[in-house]
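Engineer: what's the 3D shape of this:
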Amino acid sequence: MPIYLKDVDIVPEVAKFKSALIVLCRFCPAASLAVTNNQPFMEFFRRLLKTESYEQLINNMRSRLEKEGVKTGVFKGSIFNYLICMWTSGKREELLRRASEHEAVVVMGCEAAYEGVKDMIKSTDCQVFHGMESEGVMNVVPKLQWPFNISLELFSVTQMQHQKVE
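Structural biologist: Presented below is the predicted three-dimensional model:
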């Protein structure tokens, strides 16, 4: 079950930096935005592994940051590194390398993704920001629509508490 996330406007905080890397988790944020905006989660023949509402959010954030003079980059997983919490050691090293070229990192994902990225890049001087907030765990009903689009209908959201494990 995916985490139900809401985006956070971090642009005012991140605009204080010269460069920012936006780190994407591809599952929960995309599913959450698709449900919230009543748009398809996957459109196989249009955007194989991209969700339109998530791409719009990222592009909007980049545009706003660049208007503030912040150089932006995007770091995303591949088909084999789709979820931040399941990245391979090679992908983690690649993130460390890319993050070291930036002053700020914005994590688009749940608390586990945020904490994971903070841990992966702790040897850098990057300031890490959480670009989304968890509302709970969502139960969804997948719907297949022509031509092979997958939409998600929100069934329920179960609230959860975030507890940091030491």
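Engineer: Which SSE is immediately downstream of the helix or strand containing Glu93?
Structural biologist: For Glu93, the element it lies in under DSSP states H and E is helix 89-99. Next helix or strand after helix 89-99 toward the C-terminus (DSSP H and E): strand 104-108.
Engineer: mean confidence for that following strand?
Structural biologist: On average, the pLDDT along strand 104-108 is 97.
Engineer: Output the contacting helices and strands for that strand.
Structural biologist: Packing contacts for strand 104-108, counted by 3 or more CB pairs under 8 Å, 6 or more residues apart in numbering; DSSP states H and E, involve strand 19-24, helix 111-120, strand 127-130. Backbone N, C-alpha and C define where each C-beta goes, glycine included.
Engineer: Low-confidence stretches in the protein?
Structural biologist: For the chain, the stretches flagged by pLDDT under 70 are 1, 44-49, 78-82, 162-166.
Engineer: show me the residues around the residue sitting nearest the centre point of the chain that make contact.
Structural biologist: Centroid-nearest residue in the chain, with CA atoms, centre = their mean: Met108, separated by 2.7 Å. Taking CB atoms under 8 Å, 6 or more residues apart in numbering as the contact definition, Met108 lies against Asp7, Ile22, Val23, Leu24, Cys25, Pro29, Ile58, Gly131, Met132.
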